[in-house]
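S.K.: Sequence plus predicted model, see below.
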Amino acid sequence: MAQPPILSLESIGLQIGGKWLFGNREEGTLDLHIGPRDRMALIGRNGAGKTTLFRLIMDRLEPDRGQRKVKPGTRIVLLEQEPDFSAHATLMEFALSGEHPPAEHEIEAIAGQLGIDMSKPADGASGGEKRRAAIARALAQEPDLLLMDEPTNHLDLSAIDWLEDWLARYKGAFLAISHDRTFLKRLTNATLWLDRGSLRRKDVGFGGYEAWEEQVYAEEARAAEKLDAKLKIEAHWLERGVTARRKRNQGRLEKLHDMRAARAAMMTPGGTAKLKLASDEDFRSKSIIVAEDIGKSYDGRAIIKPFSLRIQRGDRIGIVGANGAGKTTLLKMLTGELEPDTGSVTLAKTLTGVMIDQQRSLLAEGKSVRDVLAEGGDWIMVGDAKKHVQGYLKEFLFDPGIVDTKVATLSGGERSRLLLAREFARKSNLLVLDEPTNDLDLETLDLLQEVIADYDGTVLIVSHDRDFLDRTVTVTLGLDGSGKVDVVAGGYEDWAAKKASPPPARQAPASGSDKANQSGNAPPPPASGQNQGSRKLSYKEQRDYELLPARIDELDAAIRRGAEILSDPDLYSTDPQKFANITKGIENARTEKDAAEERWLNLAERVEAL
C-alpha cells in the first residue's frame with residue numbers, strides 16, 4: 001500500500017513579474033506529492049521554474065493560489081547550486097549555519113569522507129571545496145526530504161561516486177535538478193517534468209525520460225494538427241525540434257563510434273604508441289598538436305609523467321581525473337600556455353583556438369545580450385555567414401525577445417548558453433572547453449553535443465560529466481593522480497573499463513624503452529624470440545584472428561537492431577521489461593565488441609611483426 005506523502009503542493013498558481021509562471025488567474029494547475037522514499041529527477045528548461053519550485057517546497061515563497069502541506073516533523077534541507085559563503089570566515093562556520101544545525105563532529109565525519117578541510121577560510125576555497133562543504137552541511141542535517149540543485153557541479157569523479165553511494169543508502173526522499181544524466185539514471189525512480197507552467201510526473205527513473213518526452217510531444221503534435229494554423233506550426237516545431245533532433249543525435253553517435261574505431265586502429269593496446277599506417281607522412285600532416293615526452297613536476301612531485309601524443313584534425317579529446325590530478329596542467333601544456341619540464345609541444349602554425357572556461361569570465365554583467373553577441377548591432381558573423389542576431393539566438397534555444405536584456409538578469413544556465421553562442425560564432429579550428437556542462441539544462445546539453453559533432457576543428461574537453469564525454473569524445477586522457485596519463489580510444493566508460501581490467505602481462509622493458517613505448521611512434525620491433533610480439537600464433541589465436549572480424553560484424557548488427565527497437569517512443573511505457581532487456585543486451589554487445597576489437601588488434605599487431 002502506498003504511503004501518504006510527506007509534502008504536497010496543491011493547485012498552485014504563481015505569478016513572477018506580472019506573468020503566471022505556474023497556473024493562471026482562473027485555476028492553479030501545478031500539483032506535487034512527494035512520498036517518504038521518492039527519488040525524483042526534476043527536469044525542465046532553464047527558466048522553466050525549477051529553482052522557484054524548490055523555493056515553494058522550502059516555504060521561502062508564497063504562491064498566489066493553492067497551498068503547501070507538510071507532514072509534521074518532516075525535515076526539509078536544500079543543497080543550493082550556489083550557496084552564499086560571504087558571511088562566514090571558514091567552511092565549518094558556513095556548515096554550522098544550516099537551518100537544522102548538526103553537531104560539529106557530524107559535519108567532520110562526512111567532510112573527512114569527502115576529503116575536505118572544514119577549517120579552511122571560505123574566501124580562499126575553490127569551487128570544488130565549497131561544493132563539498134555544502135554537501136557536508138546538507139547531509140549532516142539528516143533530512144527527510146533532500147532537495148539538490150546541480151549537486152555534482154564542481155565535483156570530481158571520486159566525490160560524485162561517493163555522493164551516489166551515500167544517496168543509494170539514504171532512507172529519505174530526494175528531488176534533484178541535475179544535468180548529469182549518469183547521476184540521474186543511477187539513482188532516480190520517478191521523474192518530474194516542468195514544462196510550460198505544468199508539472200507532469202512519471203513513476204519511472206530518468207532512464208525512461210527521453211522516451212516519455214517523445215511520446216508526450218508526439219501526442220501534442222497530433223492534437224495540434226487538428227486545430228488552427230498557428231498550432232500546426234507549433235506541432236511542426238515539436239516534431240522537428242525534439243524527435244528529429246534525437247534521431248540526428250543517434251546518427252551522430254554512430255559516426256562517433258566509427259571515429260573511435262578509426263582512432264583505436266592508430267594505437268597499440270597500451271594506448272599511446274601508434275601502429276604503422278599506410279602513410280605515416282599523411283598522419284603527420286594531419287597532426288595539429290604533437291606532444292613528445294612531455295612531463296611536469298611541482299615541488300618534486302610528478303604531476304604529469306613523460307608521455308607522448310599526436311592530436312589530429314577533427315579529434316575530440318576528453319581529459320578526466322580527480323581534482324588536483326593535473327587536468328588543467330595537461331590542458332595548458334597541450335595548448336602551449338605552459339611549458340613542460342621535459343619534452344616539447346609543437347602546435348600547427350594555422351591553429352586558432354577558442355577557450356570557454358568554467359568561470360564564464362568573458363561575460364560582463366552590465367552588457368546586453370546584443371552587446372555580447374553583436375557588439376550592439378543587429379548582425380553577427382558566424383564563421384563566414386552573416387546572421388541576424390535574433391535568428392541566431394533561436395538556434396541556441398533563446399527567445400529572440402531577450403536581445404536587449406542585461407546579462408546580470410540571466411540565470412547561470414542562460415549565461416552559459418550565451419557564452420557558447422558567442423564563442424561558437426568565432427572562426428577557429430581548436431575549441432577548448434573547461435567544464436562546459438555546468439549550469440546547462442538537458443536540452444542545451446543536447447544542443448552542445450550537436451554543435452561539437454558538427455564542428456570542423458579539434459576539441460579539447462575537461463569534464464566530470466561521464467555521459468557527456470561518452471557522447472562526444474573520440475579519445476580520453478585519464479589521469480589517476482600518480483602522474484600517469486592513460487590514452488584510451490573512446491569515452492569515460494572506455495577509460496573506466498580499462499582501469500578496472502588488469503594490465504596485460506608483458507616482459508619488463510629494457511632501460512630506456514619505457515619512453516619509446518609512450519611515444520607517438522611504435523617502438524622498434526624486438527629481436528626474434530624476445531617476446532610474444534614475434535612468436536607464432538597458437539592454434540586458438542590463429543582461429544580468433546580469422547573469426548573475430550565476423551563476430552564483430554555480428555555484434556555491430558545486433559547493436560543496430562537493438563537501437564532500432566529502442567527508437568519506438570512507446571516501448572518504455574508499454575513494455576518496460578523489454579526496454580530494460582534490450583538496453584542491457586546492447587550494453588553487453590558493446591562490451592563484447594570492444595573486447596573483441598582489442599583482442600583482434602593485439603593479434604594483428606603480432607601477425608605484422610612475424
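M.R.: Yep, that arrived. Numbering: from 1, shown residues only.
S.K.: State the three-state secondary structure for the closest residue to Leu433 other than its chain neighbours.
M.R.: Once flanking residues are discounted, Leu433 sits nearest to Ile461: 4.7 Å by CB to CB, 6 or more residues apart in numbering. Every residue, glycine included, has its C-beta placed from N, CA and C. The local conformation at Ile461, judged by DSSP: H, G, I helix; E, B strand; the rest coil, is strand.
S.K.: Same question for the one 3 residues further on.
M.R.: Using three-state DSSP, the secondary structure recorded for His464 is coil.
S.K.: Touching, Ala264 and Glu597? I think so.
M.R.: Yes - assessed by CB atoms under 8 Å, Ala264 is found in contact with Glu597 at 6.6 Å.
S.K.: of these two, who's got more company?
M.R.: Using other CB atoms under 10 Å, the more surrounded residue of Ala264 and Glu597 is Ala264, with 22 against 19.
S.K.: and the more buried one, backbone torsions?
M.R.: According to degrees, to the nearest 10, the main-chain angles of Ala264 amount to phi -60, psi -30.
S.K.: Ile160 too?
M.R.: Main-chain torsions, Ile160, degrees, to the nearest 10: phi -60, psi -40.
S.K.: ok, it to Arg471 distance?
M.R.: According to CB to CB, to the nearest Å, Ile160 and Arg471 sit 17 Å apart.
S.K.: For those two, indicate the residue with more neighbours.
M.R.: Legend: neighbour count by other CB under 10 Å for Ile160 and Arg471, higher for Arg471 (21 against 18).
S.K.: didn't the more buried one look like it was pressed against Glu493?
M.R.: No - the criterion here is CB under 8 Å, and Arg471 misses it with Glu493 at 10.7 Å.
S.K.: quick one: contacts for the closest residue to Ala408 other than its chain neighbours?
M.R.: Take Ala408 and drop its neighbours on the chain: the residue closest to it by CB to CB, 6+ apart is Glu365, 3.8 Å away. Contacts for Glu365 (CB atoms under 8 Å, 6 or more residues apart in numbering) come out as Lys406, Val407, Ala408.
S.K.: Reformat those residues as JSON lines; add secondary structure and distance to Arg316.
M.R.: Putting the contacts of Glu365 into JSON lines (DSSP: H, G, I helix; E, B strand; the rest coil; distance: CB to CB, whole Å) gives the following:
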{"residue": "Lys406", "secondary structure": "strand", "distance to Arg316": "34"}
{"residue": "Val407", "secondary structure": "helix", "distance to Arg316": "29"}
{"residue": "Ala408", "secondary structure": "helix", "distance to Arg316": "34"}
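S.K.: which of these count as buried?
M.R.: Val407 (16 or more other CB atoms under 10 Å).
S.K.: can you tell me how far Pro36 sits from Ala95?
M.R.: 26 Å.
S.K.: Can you give me the neighbour number for Asp371?
M.R.: Asp371 has 16 nearby residues by other CB under 10 Å.
S.K.: Which element, helix or strand, includes it?
M.R.: Following DSSP states H and E, the helix or strand that holds Asp371 is helix 369-374.
S.K.: Which strands or helices does that helix pack on?
M.R.: Applying 3 or more CB pairs under 8 Å, 6 or more residues apart in numbering; DSSP states H and E, one finds that helix 369-374 contacts helix 389-395, helix 412-425.
S.K.: Export those to a markdown table and append columns for mean neighbour count, mean pLDDT and distance to Glu587.
M.R.: Listed next are the helices and strands packed on helix 369-374 as a markdown table, based on neighbours: other CB atoms under 10 Å; pLDDT from 0 to 100; distance: least, CB to CB, whole Å:
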| stretch | mean neighbour count | mean pLDDT | distance to Glu587 |
| --- | --- | --- | --- |
| helix 389-395 | 17 | 89 | 34 |
| helix 412-425 | 21 | 82 | 30 |
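S.K.: Reformat those helices as a markdown table; add distance to Gly336.
M.R.: Listed next are the helices and strands packed on helix 369-374 as a markdown table, based on distance: least, CB to CB, whole Å:
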| stretch | distance to Gly336 |
| --- | --- |
| helix 389-395 | 31 |
| helix 412-425 | 19 |
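S.K.: For Glu554, find the nearest of the ones you listed.
M.R.: helix 412-425 (39.7 Å; CB to CB).
S.K.: Make sure Ala325 is actually in contact with Val485.
M.R.: No - contact between Ala325 and Val485 fails when scored by CB under 8 Å: they sit 9.7 Å apart.
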